[in-house]
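Participant: Fold the stuff below for me.
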Amino acid sequence: MLPRPPITALQYLVHSRHEQAPDALRQDLERPRRVRARRRMGSTSSTLTGTYPGDCIFDLDSFTCDISHLVHEVSSPQAFDGLRAAGRVVRRPDCTLATVDHNVPTAPRGKGVRELRALSADPESRAQCAALETNVKEFGLSYFGLQDKRQGIVHVIGPEQGFTLPGITCVCGDSHTSTHGAFGALAFGIGTSEVEHVLATQTILQKKSKNMRVNVEGELLEGVNSKDVVLHIIGVIGASGGNGCVIEYSGSTIRGLSMEARMSVCNMSIEAGSRAGMIAPDETTFAYLKNRPLAPQGEIWDHAEAYWRTLKSDEGAKFDVEVNISASDIGPSVTWGTSPQDVVPITGTVPDPATFSNPDRRKAAERSLEYMGLVPGTPMESIKVDNVFIGSCTNGRLEDLRSAANIVLAAGADASVAPGVRAMVVPGSSLVKRQAEAEGLDAVFRRAGFEWREAGCSMCIGMNEDQLRAGKRCASTSNRNFEGRQGAGGRTHLMSPAMAAAAAIRGTLTDVRQFHYAPPKSTINLDTPLAERVAEGAEPTDIVQESAPLPIRQPGKAPSSSAPGKVFRVLKGIAAPMYVENMDTDMILPKQYLKTIVRTGLASGLFYNLRNDVNTGAPLDFILDRPPYDQAKIIVSTGKNFGCGSSREHAAWSLDDFGIRCIIAPSFGEIFRNNCLQNCMLPIELSDEVCRALARDAEAGIELVVDLEREEITRAGHDGDPIRFKTDPFRRGCLLDGFDDIAATMLNGDAIADFERRRTENWPWLDGAGYTAGQKLEVKSHGQGSMEW
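Facilitator: Sure thing, here's the model as predicted:
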């Protein structure tokens, strides 16, 4: 047998798990091509590649211990409706866990409050949360509802419950699922159609990604933490620097981070254009997971840990992209614009767009400064804030709250939130909140004038009442500073929890190093480990838990299609030119339109904040409101990274609802591209030069003809060579034929079931708790009941 060439941790996952993987992987690695094949997570790919040439089927639970699919209220209603319409069931209830987080109110709740209407006046929010509860009951899924003391943001509750484990494939209808990669998992966000696919088949169809390594070496400077590290990384590689890649974060700096800090880094991988980020598991990982409620126990833990220790890249492994960063170059950081790549040290100034050599980047910076109300040369420390938000799936964990509380304590016994500033602290989960209260952190914040709130996504996305008003400026520990992200017209500066706390006290963006922390001379304990948290299930919960066992879901033989599918063959129509770089999903469809539980009726929200004045609601002269572009079927974007940001499939639905069937751009956000394809819309990637030429044609009102079968674009009524483009053969076939990939996957149900049986025999920790009993995830509950929606 030939010696195995060095491989990355991602490649090693399949190498170490498949009986035939060493030979198969060696052959794959020896192929004369630059990009390494990534069958490493494709647990069923060896049996299904004949059905899907060029693609991999990832069998989610084959690498998942207990649970691999997180579900929340925003991206799931339409997926469950799809199952219902096709007469399908959830294949693996034991590998699925649901909670409410995006839309829930975070205002303090009085004891005994059992009705959401008493907490939220928004009927759409109530309807969306009610839909999730109905769906988890009907489909037999475990659920952490508002009265459950384990409720919280999906990317916080997963790790703290032992839901997330090394080597798994973890998905969720949320782009920040990359958080779970901190454990050595392949974790990424998916759209609603893919949520439905996972629920029905426990597999997912994915293209192979490139391997990218970001290596950070050295000790962090004073006042610098993981949020500064990841903001610096994004500033170096850009918002599209990781497009098409899975990032492995490595180096002594990364290894020195706690698990909470590693999660913050991986969380923002999507902000660098990468769907997933990973960190090799080590002693820090194992210590964090040991004795978690859903982690393996006893002898099974020993076997699992032995396997997890193999999940690391070999010395000499080749990466498609490598970036090296010195920790000494990273200072306390803050964003100045409307993209996470717009970052400078807190001691710096607002940059001058005129100094940017790239014209698209210069134009984007000019737009950002106009929106943010800033002028070049302004010292960052002179910028006043109106709001401070500490929370989110990026920085809502106990370590984050301790860090912020340390700054408040360091500011002195009489420290308080600056006049005119509203500051709120929103724990990432109810368990985090209870533990913080046990340590007295809530008292630290309340004494200084911070609001202490319930768990949820809150002002990170602003789907509930926690919104930033137009023109107001927020120092935020969240992950996105897009236009309107925290509220229409709101201005967001991203930073660490410590920096946000400092801004709250001073009233301006502040260098955290101005606060020299001394251990508190009080009974407040800031050193209690998370493992010593309040006991689980000590109070009644509203987790859905039927008394009778649920049957094991078997795939059955599905019809070839659940419904007649849309097709895309030849599209002729007006093209609307657009010139915005990093056109994010918040721009395409603001978050207030995400509360729908259907797929239609979203055209009115398409580009809403670009089409309407955020203060008055008066219509602006937006291109899609001007003839002939109000009848456009195609968008031509000269800006790269179209559709970056959220996994919300609602963005694709709104374009489709308007009548847009094709988007042409230099590059796309990866999840957005998938969402378009799932809705029979065609994203075409062409060079900058060609996109600019087509935009000029669009300005001249020339109709374009997009022929998918020939893979060419022509100008209607004009001579000239056609413009060639390439599409994935499988996806092209789906578009041409209206193919239902869920039905096709379910036809391979026997092969998937066979793999699951072998997996159970060899890697038992990969089954969800309760699987062998033929029921859903086994989660202890001391009471039954539900919020009365």
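Participant: ok, Gly337 to Glu581 distance?
Facilitator: According to C-beta to C-beta, to the nearest Å, Gly337 and Glu581 sit 11 Å apart. The C-beta positions use only the backbone N, C-alpha and C, and glycine is treated the same way.
Participant: residues shared between the contacts of those two?
Facilitator: Counting by C-beta atoms under 8 Å, 6 or more residues apart in numbering, the common neighbours of Gly337 and Glu581 are Ala364.
Participant: mind checking which helix or strand Asn211 is in?
Facilitator: strand 210-217 (DSSP states H and E).
Participant: Quick one: name whatever helix or strand follows that strand.
Facilitator: Using DSSP H and E, the first helix or strand after strand 210-217 is helix 226-237.
Participant: Could you list the residues in contact with that following helix?
Facilitator: The contact list for helix 226-237 (C-beta under 8 Å, 6+ apart) reads 214, 216, 220, 241, 253, 257, 261-262, 264-265, 267-268, 271-272, 323, 325, 327, 329-335, 340-344, 394-395, 477, 494-497, 499.
Participant: ok, back up a step: which residues sit against the strand holding Asn211?
Facilitator: Contacts for strand 210-217 (C-beta under 8 Å, 6+ apart): 8, 10-11, 35-36, 38, 229, 233, 237, 242, 244-254, 274, 313, 318-327.
Participant: one more time with 7 Å
Facilitator: For strand 210-217, the surrounding residues in contact (C-beta atoms under 7 Å, 6 or more residues apart in numbering) are 8, 10, 35-36, 229, 233, 242, 244-254, 274, 319-327.
Participant: among those residues, which are in strands?
Facilitator: Judged by DSSP state E, these include 245-250, 321-326 as members of strands.
Participant: Pick out the most distant pair among those residues.
Facilitator: The span of the ones in strands among the contacts of strand 210-217, defined through C-beta to C-beta, is set by Val246 and Ser326 at 23.3 Å.
Participant: the more surrounded of the two?
Facilitator: Val246 (28 against 12; other C-beta atoms under 10 Å).
Participant: How about the contacts made by the more buried one?
Facilitator: Counting by C-beta under 7 Å, 6+ apart, Val246 has contacts 10, 209, 211-212, 274, 276, 278.
Participant: Could you identify which of those has the most neighbours?
Facilitator: Counting neighbours by other C-beta under 10 Å, Met278 comes out on top of the contacts of Val246 with 32 neighbours.
Participant: Local confidence estimate at Ile7?
Facilitator: With respect to pLDDT, Ile7 scores 66.
Participant: re earlier: which among the ones in strands among the contacts of strand 210-217 end up buried?
Facilitator: Neighbour counting by 16 or more other C-beta atoms under 10 Å classes 245-250, 323, 325 among those as buried.
Participant: low-scoring stretches of the stretch 451-600 of the chain, by residue?
Facilitator: Scanning the stretch 451-600 of the chain for pLDDT under 70 picks out the ranges 517-564.
Participant: Okay, strands next: where are they in it?
Facilitator: Using DSSP state E, counting those that start in this stretch, the strands found in the stretch 451-600 of the chain span residues 451-452, 473-476, 491-494, 570-573, 575-578.
Participant: re the thing from before, of the contacts of Val246, closest to Asn103?
Facilitator: Ala276 (25.4 Å).
Participant: ok, now which ones touch that closest one?
Facilitator: Contact analysis of Ala276 by C-beta under 7 Å, 6+ apart lists 178, 181, 186-188, 246, 269.
Participant: number of nearby residues for the closest residue to Val426 other than its chain neighbours?
Facilitator: Distances taken as C-beta to C-beta, 6 or more residues apart in numbering put Gly391 closest to Val426, at 3.3 Å, once the chain neighbours are dropped. Using other C-beta under 10 Å, Gly391 has 33 neighbouring residues.
Participant: so Gly391 touches Ser429, yeah?
Facilitator: No. Using C-beta atoms under 7 Å, Gly391 is not in contact with Ser429, being 10.6 Å away.
Participant: what's around the closest residue to Val334 other than its chain neighbours, how many residues?
Facilitator: Using C-beta to C-beta, 6+ apart and skipping residues adjacent in sequence, the residue nearest Val334 is Met495, 4.7 Å away. Counted with other C-beta under 10 Å, the neighbours of Met495 add up to 30.
Participant: separation between Met495 and Leu374?
Facilitator: 16 Å.
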